[in-house]
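Q: coordinates only, sequence not included:
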DNA sequence: ACCTGAACACCGTTCAAGT
DNA sequence: ACCTGAACACCGTTCAAGT
């Protein structure tokens, strides 16, 4: 009787996401995933070509999760921004991995789509892409700095986010 | 006669910066630095407690470099933003390391100082910090995304930067 | 004081051999 | 088909021994 599949790719990726959040990217080792999934490390290479493929797979799963949340949000820029921030707070390591993992450009098309629509509404077709890049850059930069503790000193971080959001929206509506 | 010092900390950090830019963060190993400096890896531990300390030292040197460039710029927001971008293009891996390395909050005080002054000029004391955070977040986010290739598809990246810069300045002057 | 070789732990990865 | 132990390369780090 052939051995039944013990470690499906989905199980591996789920284990990877958990380990990532609890131990950080450096703790996301093949051995840690193998232990969690009840298998020896070499067996993972039946499903994934190498550790980089594991990181990419976890990044994709994270992006899917984010995309779903953004689609569920009311489509305005403030709502999208706050949803994005909540997501980064929930899965800080996954959020970081999205920027770190070397992904093909199209990987971000789906999560950006709702923002692109919102920007088209406020600035029109012609500058929608520039506006979306402006918005995404601010949000992503803010969240990275917030998560890395760069805003720890001085004043209210929530307040700084809402201030930036107000300025952002005002500047696009101008 | 005691052995003369072969590997000073300054030499080690300089070697580290070079290796970082040519081989990336994962290529910045203790062995690579030791080779470059003409010493065996264990000798580095006379100067640095561990690899993390090496990364921090390289990050600090990078920050000093950036600070000098920003101080030399004409102090307006557009000039600071373009100087920051030039720096990220010159030393992309160093730029990344500044965000990655776990540094104490005060590490960024000096490079942010010129921007904080510019923001005080345009929005006044009370919201200077919020405005600086808005500006830094946008710039840093934009540069990370640009360097990681997220803007590779569609349109003019320089144009998108100038668009963002115009919106940013306009929103602070409003 | 500074350097070295030897050694250890840990990780990624390959592969021949098992079921 | 899927799994495993054994093995290898590579890296960080420690330490006793050299000058």
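A: Now that the structure is in, tell me what you want to look at. Because the structure is predicted, anything quoted here is derived from the model rather than measured. Numbering: from 1, shown residues only, chains lettered A, B, ... in the order given.
Q: count of neighbours near residue A:16?
A: For residue A:16, the count of nearby residues is 27 (other C-beta atoms under 10 Å in any protein chain shown). Any C-beta I mention is one placed from the backbone N, CA and C, and that applies to glycine too.
Q: helix or strand: which one has it?
A: Per DSSP states H and E, residue A:16 falls inside helix A:9-27.
Q: next one: residue A:55
A: Judged by DSSP H and E, residue A:55 forms part of helix A:51-72.
Q: what of residue A:88?
A: Following DSSP H and E, one finds residue A:88 within helix A:77-90.
Q: how far off centre is that helix?
A: 11 Å (C-alpha atoms, centre = their mean, to the nearest Å).
Q: by how many degrees do that helix and helix A:51-72 diverge?
A: 140 degrees (axes from the mean of the first three to the mean of the last three C-alpha atoms, to 10 degrees).
Q: what is the helix or strand hosting residue A:96 packed up against?
A: Using DSSP H and E, residue A:96 sits within helix A:92-100. Counting contacts by 3 or more C-beta pairs under 8 Å, 6 or more residues apart in numbering or on different chains; DSSP states H and E, helix A:92-100 packs against helix A:9-27, helix A:51-72, helix A:128-147.
Q: show me where pLDDT drops low in chain A?
A: By pLDDT under 70, the low-scoring segments of chain A are A:1-5.
Q: show me which residues of chain A sit near chain B.
A: Within chain A, the positions near chain B by C-beta under 8 Å from any C-beta of the partner chain are A:99, A:102, A:105-106, A:108, A:127, A:129-131, A:133-134, A:136-142, A:144-145, A:148-155, A:159-160, A:163-164, A:167-168, A:170-172, A:174.
Q: restricted to buried residues, select the residues you listed in ChimeraX.
A: Applying 16 or more other C-beta atoms under 10 Å in any protein chain shown to the residues of chain A next to chain B leaves a buried subset, and the ChimeraX line that selects it is:
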select /A:99,108,127,129,130,131,133,134,136,137,138,139,140,141,142,144,145,148,150,151,160,163,164,167,168,171,172
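Q: show me the contacts for residue A:15.
A: Applying C-beta atoms under 8 Å, 6 or more residues apart in numbering or on different chains to residue A:15 gives the contacts A:33, A:36, A:37.
Q: distance check, it against residue A:55.
A: Using C-beta to C-beta, to the nearest Å, residue A:15 is found at 13 Å from residue A:55.
Q: domain assignment for chain A?
A: Domain assignment for chain A by automatic domain parsing gives A:1-48, A:62-173.
Q: just these: most buried one?
A: domain A:62-173 (a mean of 18; mean count of other C-beta atoms under 10 Å in any protein chain shown).
Q: and it, how far apart are its ends?
A: Domain A:62-173 has an end-to-end distance of 31 Å (criterion: C-alpha to C-alpha, to the nearest Å).
Q: sorry, back to before: any chance of the domains of chain A in TSV, plus distance to DNA strand C?
A: TSV is the format used below for these (distance: least, C-beta to the nearest atom of the strand, whole Å):
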stretch	distance to DNA strand C
domain A:1-48	3
domain A:62-173	14
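Q: by how many degrees do the helix holding residue A:88 and helix A:128-147 diverge?
A: Going by the same axes, to 10 degrees, helix A:77-90 makes 40 degrees with helix A:128-147.
Q: packing partners of helix A:77-90?
A: helix A:51-72, helix A:109-123, helix A:128-147, helix A:157-173.
Q: so which of those is nearest DNA strand D?
A: helix A:51-72 (12.4 Å; C-beta to the nearest atom of the strand).
Q: what sits up against the closest one?
A: A:9, A:12-14, A:16-17, A:20, A:25, A:28-30, A:33, A:44, A:48, A:80, A:83-84, A:86-87, A:91, A:94-95, A:97-98, A:100-103, A:107-108, A:110-111, A:114-115.
Q: ditto for stretch A:140-153
A: So stretch A:140-153 is contacted by A:84-85, A:88, A:92, A:95-96, A:99, A:157, A:160-161, A:164, B:99, B:102, B:105-106, B:108, B:133, B:136-142, B:144-145 (C-beta under 8 Å, 6+ apart).
Q: stretch A:25-43 too?
A: A:6-7, A:11-12, A:15-16, A:18-20, A:23, A:44, A:51, A:54-55, A:58, A:93, A:96-97, A:100.
Q: now with 6 Å, please.
A: Outside stretch A:25-43, the residues that touch it by C-beta atoms under 6 Å, 6 or more residues apart in numbering or on different chains are A:6, A:7, A:11, A:12, A:15, A:16, A:19, A:20, A:44, A:51.
Q: residues contacting the third one?
A: When contacts are counted by C-beta under 6 Å, 6+ apart, residue A:11 touches residue A:37.
Q: ok, now how distant is it from residue A:147?
A: 28 Å.
Q: got it, and the fourth one?
A: Residue A:12 sits 26 Å away from residue A:147, taking C-beta to C-beta as the criterion.
Q: quick revisit: of the helices and strands packed on helix A:77-90, which approaches residue B:123 most closely?
A: helix A:157-173 (9.6 Å; C-beta to C-beta).
Q: run the chain-centre distance for the closest one.
A: Offset of helix A:157-173 from its chain centre (C-alpha atoms, centre = their mean): 21 Å.
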